[in-house]
Every structure is written in C-alpha cells, then in structure tokens.
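In: Need a 3D model of the following:
(one chain, ligands or ions: 1)
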Amino acid sequence: MEITSKLPHVGTTIFTTIGQLARTHNAINLSQGFPNFDPDPQLLELISEAFKNGHNQYAPMQGVLSLREAISEKIERLYGPYYHPESEITVTAGATQAIFTTIAAFIRPKDEVIVIEPAFDCYEPAISLFGGKIVPVALEGNDFQMNWTAFKSAISPKTKMVIINTPHNPTGTIWSESDMLQLQEILRDTNIILLSDEVYEHIVFDGKPHESAAKYPDLAERSVICSSFGKTFHATGWKVGYCVAPKPLMMEFQKVHQFNVFSVNHAMQIALAQYLKEPQHYVNLGSFYQEKRDTFLHAIKDSRFKMVPSEGTYFQLLEYSAITDEKDTVFAERLIKEHQLASIPVSVFCTTDYDKKFLRFCFAKTNDVLEKAAEILNSI
Ligand SMILES: Cc1ncc(COP(=O)(O)O)c(C=O)c1O
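Out: Numbers count the residues shown, from 1 in each chain. Model (predicted):
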C-alpha cells in the first residue's frame, strides 16, 4: 500500500529525540519543559475525591460548568473582561488541542498565518495540515525583539490568522503593553483572527504584568486565548487546558471540538474547578519560578555562557558563542554525549535559516538538579 504523507517533512519531535539521547547517556535532562516535582497534595486529594464521587462518565462538551465559571472569574479578576461561561469558554485536552482545534476551525487552504519565530513547535504542522501557509516573522537580535515594521509588511489580503505567545517559549521574553498596543493598531479594521498562546500567563518575573490579549478590547474581540493547567499546576501529564473567545469565534471552535475530542477528563475538571477558586494557588507561581531562575543563574554566573535573565516561562536561554562556533544542534548533542546535560537547540523552533548560538534550559527542577546542571555548565 502506498501512503502519501500529509506532513512529509514531519518526523519525531526534537523533544523525543533529545529525551532518548539523554536517557542513553544518563544525562541531566533540562530539555523538555516539565517540572520534576509533584502538584500540590491538596489538588491530588481533590482529584482522588472526584474519581471516588463518581465523576467517571463524559463531561459536558464545553467542559464542567463550575470550571468554566471559575475560569471566567479568574480572567475577569486578572485582566478585566467577562467571558460568558455558557458560550465563550471551552475546556480542552491541554493547550495543544486548543491551538490545533482553533487552526482546524479557521484555516483553509492557502490562508496565510503569521507565526513569530522562534515559535513553539505545534503551530506549524497544524497550519500545514489544513493547507495554510506559514508566514514567519523573526524576532531580532540576541534579545529577540519584535520588529513591528517587518510584522506589518508580512500582512497581506490572505492573512487569516496571527499566532502570538507571551510569555514566550523558547526565548523567555514577554511582551509589553506597547507591543500589545502596536499589535492592536496593526490588526484594527482587519478580519484577522488572533490566536494568543498564553500558557505561561502566571509565570512572569520581576513584578512585571502579563499582557493578556484579553486586556485589549480590539484584540480580545478577534482572539482565541489559550492556557494550560499543566503549566500552572505542575501537572503537564494531565493535559487539561482551556481557551476563551467571543461567542461567534467560540461557536466555530466548538463545532470542531465536539467531533474531535468531545469532552475532557471529568474528575479532573471537578477538582480543578474547586482548586481554581483560590487565587493563592496560582498568583505566587511567578515568584516560585523566579527563585528557581535566580538559583540557576547565580550558580552559573561565572561560566562562559552569556545570559539575559528570563522574563517569564520556566525556560532560560544561554548563549555559547564564547565557547564554540558549532551549530546549536551539534553543540546540544555534544553536551549530552560528552557532558551528560540535555537542553534544546533554539533553531528547532524556526522554519527559516537560523544561526544564533543559544540553547534552551528548563529550570522547572528541584534545586539539587539545577545545581548539578550548573556544575556541568561551569566546567565547559
Ligand atoms: C508555548 C506553549 N504552548 C502550548 C504548550 C502546550 O501546552 P499543553 O501541555 O497544555 O498542551 C506548550 C507546552 O510546552 C508551550 O510551551
């Protein structure tokens, strides 16, 4: 039988490849973005109660109402606007599904989608699968700044969607109010949909605010905003997230969602609804991870790597041009094989040529692991 792949250029993801290599070489793994510690025992207890209390059959298609209400309250409290729990919120199987379903719901063949690169790896294959064309706009310089002139000139009559991500994986940069206002201005009076990936919304450092698209009315009216309980509650393996959007966009989203996933783990939603009611469970996440970032950076301050402290997410980029000229993929592989430390080369987040010298390290790890990793980095 002959199979013609719809995604001929897609192979195993870099996370799988690096993960396997890290295991083979018994390396400390700071590559994939997940914590090496458990969620709050209180949340685990709530989940176990929810299972025991019989929430073991299908949940409503949009998600458990009490969870949608808790999400709506959280957004209103943090960012201002009210999303109606009945019609403007869907609980999803992680943010990945929210992103995929949004792209499936709106992208037709030849539609253009502006992606700001480096970009998280799930956007591109989903766009390609539905026949869309990726129009990459590169973040510039070693501080990965947005070039708004380049962004503006990337927009064409075929632009259907723009995907943004703040706080940003892999660079650890965040967008300011001025960035959001510029985006709002450029998109004003267009029919462009904004897909705003905000999975790290609660992991922002140094007292800065998270600039959600929800805070900007002209952006919010065209936005599907995605978030992830996996990131917020140290539980990436649960794959529960959500998205919010104005009713007309959400109606289209749910048309796809109901035949794609239909509904998400019921007991977990019941537990998350209760847990989310208490803002203390997420408002301190930024300071929790800031301490980890600072521990990591302090421990490697005398190394030969250059670093600009991450502003958000649980990733830190390290620049290695003082050490070698090697391409990032080559250096990342050598770090695993010769030094037993795994990271992710930033070029894998780009569809176009990229030759900067950065590796991404995940610092969502216990301090003993961060210190061991630091010892290795200091020895290179
Ligand atoms: C920027 C970004 N978006 C989306 C996701 C996916 O989130 P989830 O695990 O909830 O599917 C991730 C996970 O690494 C991410 O870094």
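In: Look up how far the ligand lies from residue 45.
Out: 22 Å (CB to the nearest ligand atom, to the nearest Å). (C-beta placed from N, C-alpha, C; glycine too.)
In: contacts for the host helix or strand of that residue?
Out: Remark: residue 45 resides in helix 41-52, with elements defined by DSSP states H and E. With contacts defined as CB atoms under 8 Å, 6 or more residues apart in numbering, helix 41-52 is touched by 38, 233, 235, 266-268, 270-272, 274-275, 281.
In: Give me the buried positions along the helix or strand hosting residue 338.
Out: If you go by DSSP H and E, residue 338 is part of helix 328-339. By neighbour count with 16 or more other CB atoms under 10 Å, helix 328-339 contains the buried residues 328-329, 331-333, 335-336, 339.
In: Tell me who's in contact with residue 180.
Out: Contacts of residue 180 by CB under 8 Å, 6+ apart are 211, 213, 215-216, 219.
In: What's the first helix or strand after the helix holding residue 338?
Out: Following helix 328-339 in sequence, per DSSP H and E, is strand 341-342.
In: For that following strand, name the packing helices and strands.
Out: helix 14-24, strand 28-29, helix 328-339, helix 367-378 (3 or more CB pairs under 8 Å, 6 or more residues apart in numbering; DSSP states H and E).
In: Let me see the residues that make contact with the shortest one.
Out: What that stands for is strand 28-29. By CB under 8 Å, 6+ apart, the list of residues contacting strand 28-29 reads 19, 22, 340-342, 369, 372-373, 376.
In: With the third one instead?
Out: With CB under 8 Å, 6+ apart as the contact definition, helix 328-339 has outside contacts at 18, 21-22, 25, 27, 320, 323-324, 326, 341-348, 356-359, 376, 379-380.
In: again, only using 7 Å
Out: Under the contact criterion CB atoms under 7 Å, 6 or more residues apart in numbering, helix 328-339 has outside partners 21-22, 25, 27, 320, 324, 341-347, 357-359, 376, 380.
In: so it versus helix 367-378, what angle?
Out: Following axes from the mean of the first three to the mean of the last three CA atoms, to 10 degrees, one obtains 110 degrees for the angle between helix 328-339 and helix 367-378.
In: Show me the one of the helices and strands packed on strand 341-342 that comes nearest the ligand.
Out: helix 14-24 (8.7 Å; CB to the nearest ligand atom).
In: What residues sit buried inside that closest one?
Out: 14, 18-19, 21-22.
In: Likewise for stretch 351-371?
Out: Buried, per 16+ other CB under 10 Å, within stretch 351-371: 351, 354, 356-365, 369-370.
In: residues near whatever residue of the stretch 51-200 of the chain ends up closest to the ligand, how many?
Out: Taking CB to the nearest ligand atom, the ligand has its nearest neighbour within the stretch 51-200 of the chain at residue 94, 2.7 Å off. By other CB atoms under 10 Å, the residues close to residue 94 number 23.
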